[in-house]
Structures are given as C-alpha cells and as structure tokens.
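Engineer: coordinates only, sequence not included:
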C-alpha cells in the first residue's frame, strides 16, 4: 500500500506557490512571477497566509532599523546656528599669543554701547539718557585675518566683527581656573581708515 504525493499549483494575490495535496502545507518557497512581491512571498511561505513568527520578527526588525537610521540621519542633518555680529570701538591694541608654537591667535577687546532714556514721557524727548558699555573679548585664529587684525586693528578704531561665541576656561597667573567668554572672529570690516590716527 502506498500513497502518491501530488502537488497542486495555485496563485493567490499574484503569488504562485505549490501546495501538497496530502499534507496541505507548502512544499517550499513560492515560485516567483512578475506580480509576486517579496512581502507576499514571506507571507505565504512556511505557515499559511500570515507567515511564520520568524518572518514577522524579521519584518518588524527591518522596519525598526529603517526608522532608526532615518532618525539618526535627521539628527545629523539638523541645522543649528551660532552667530555673533558686533559693531563698536576697539579698547586696546591687539596682542599675538601662541602656546608651545601652536595655534597662534590675535586677541583684542571691543566695546559696544547701549543707550536709552529713563523716566516718564515720550521716548527720545524727555528723561535722562543712560548708557551701558559691554566689553567683548575678540580672538582671531583664522590665518591671514589673524595677521591683518594684529597689524591694522588699533585702539579706538571703529570696526564691525562677525564670528561665533565660545564659552571656555583658562588658567590665570595664580594657576586658578577661570571661565571665559570669547568671540571667535571670522570676518572684520574696518569702519575707520587704518592709516588715520584714532
């Protein structure tokens, strides 16, 4: 006595596969045709239309991986801005500093002023005029600009500075750690003729 195992070819949702007439299970991976997607193959392969638990886990893992990669890419491509614009007068002649022969930097101070009227009444007509001066430490590391700043920036000169703000630390002459706020300049425009005395 023997039984003959017969295979029946069926097509569902554009996916062709073989089913055993005896056991009623799939005999292998679906045969691909032009309408059979990878998702459809995995759904029908092995354990019925929903696919095996392993197939489900793989699909979830792929979706999670794609989502994580997308999130990481968006973080990498996220833009931010650190930009400072100052217009004022130089408080001291620049100095050129260099530590261990590396990273030479030109440093000078720049003053900006704020003015306002205090008291009651119409603006700019009554009340006392108040003024606040803020001093900024300017550091120029950029080659070329660093040398120009050292040579031509003079005390009292009116200049325009563009750059970014930096918060750091330094050690003073008493070997104490100090906080320092610095404007790292990448552009300087001279509003006073560099040849005239200021």
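Structural biologist: Good, I have the coordinates. This structure is a prediction, so every number in the text was calculated from the model and none was measured.
Engineer: how about stretch 162-173: buried residues?
Structural biologist: For stretch 162-173, burial by neighbour count (16 or more other C-beta atoms under 10 Å) applies to residue 163. Every residue, glycine included, has its C-beta placed from N, CA and C.
Engineer: average pLDDT across it?
Structural biologist: The predicted model assigns stretch 162-173 a mean pLDDT of 90.
Engineer: i'd like the first residue to be 416 from this point on
Structural biologist: That works, and once the first residue is 416, the last one we named lands at stretch 577-588.
Engineer: Identify the single longest strand in the chain, thanks.
Structural biologist: strand 517-533 (DSSP state E).
Engineer: List the buried residues of that strand.
Structural biologist: So, applying 16+ other C-beta under 10 Å, buried residues of strand 517-533: 520, 521, 522, 523, 524, 525.
Engineer: Show me which of these is closest to residue 599.
Structural biologist: Set against residue 599, the nearest of the buried residues of strand 517-533 by C-beta to C-beta is residue 520 (9.1 Å).
Engineer: you'd agree that closest one is up against residue 552?
Structural biologist: No - in this structure, residue 520 is not within contact of residue 552 by C-beta atoms under 8 Å, at 11.0 Å.
Engineer: Just list the residues touching residue 527, thanks.
Structural biologist: 501, 502, 503, 548, 549, 551 (C-beta atoms under 8 Å, 6 or more residues apart in numbering).
Engineer: Next, find the distance separating residue 517 from residue 556.
Structural biologist: Counting by C-beta to C-beta, to the nearest Å, the gap from residue 517 to residue 556 is 11 Å.
Engineer: Got the confidence number for residue 460?
Structural biologist: pLDDT, residue 460: 49.
Engineer: May I ask which helix or strand encompasses residue 549?
Structural biologist: Assigning secondary structure by DSSP states H and E places residue 549 in strand 543-555.
Engineer: Just the buried positions in that strand, please.
Structural biologist: 551, 553, 554, 555.
Engineer: tell me the two of these that are most distant?
Structural biologist: 551 and 555 (12.7 Å).
Engineer: Run through the strands of this protein in chain order.
Structural biologist: Using DSSP E, strands in the chain cover 422-427, 430-435, 499-505, 510-514, 517-533, 543-555, 573-586, 592-605.
Engineer: Now render those strands as CSV, adding distance to residue 468.
Structural biologist: Putting those into CSV (distance: least, C-beta to C-beta, whole Å) gives the following:
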stretch, distance to residue 468
strand 422-427, 21
strand 430-435, 19
strand 499-505, 58
strand 510-514, 63
strand 517-533, 59
strand 543-555, 61
strand 573-586, 53
strand 592-605, 57
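Engineer: Mind checking those for the one nearest to residue 477?
Structural biologist: strand 430-435 (19.3 Å).
Engineer: how about low-confidence regions in this structure?
Structural biologist: 416-467, 479-491, 534-542, 609-613 (pLDDT under 70).
Engineer: Alright, calling it a day.
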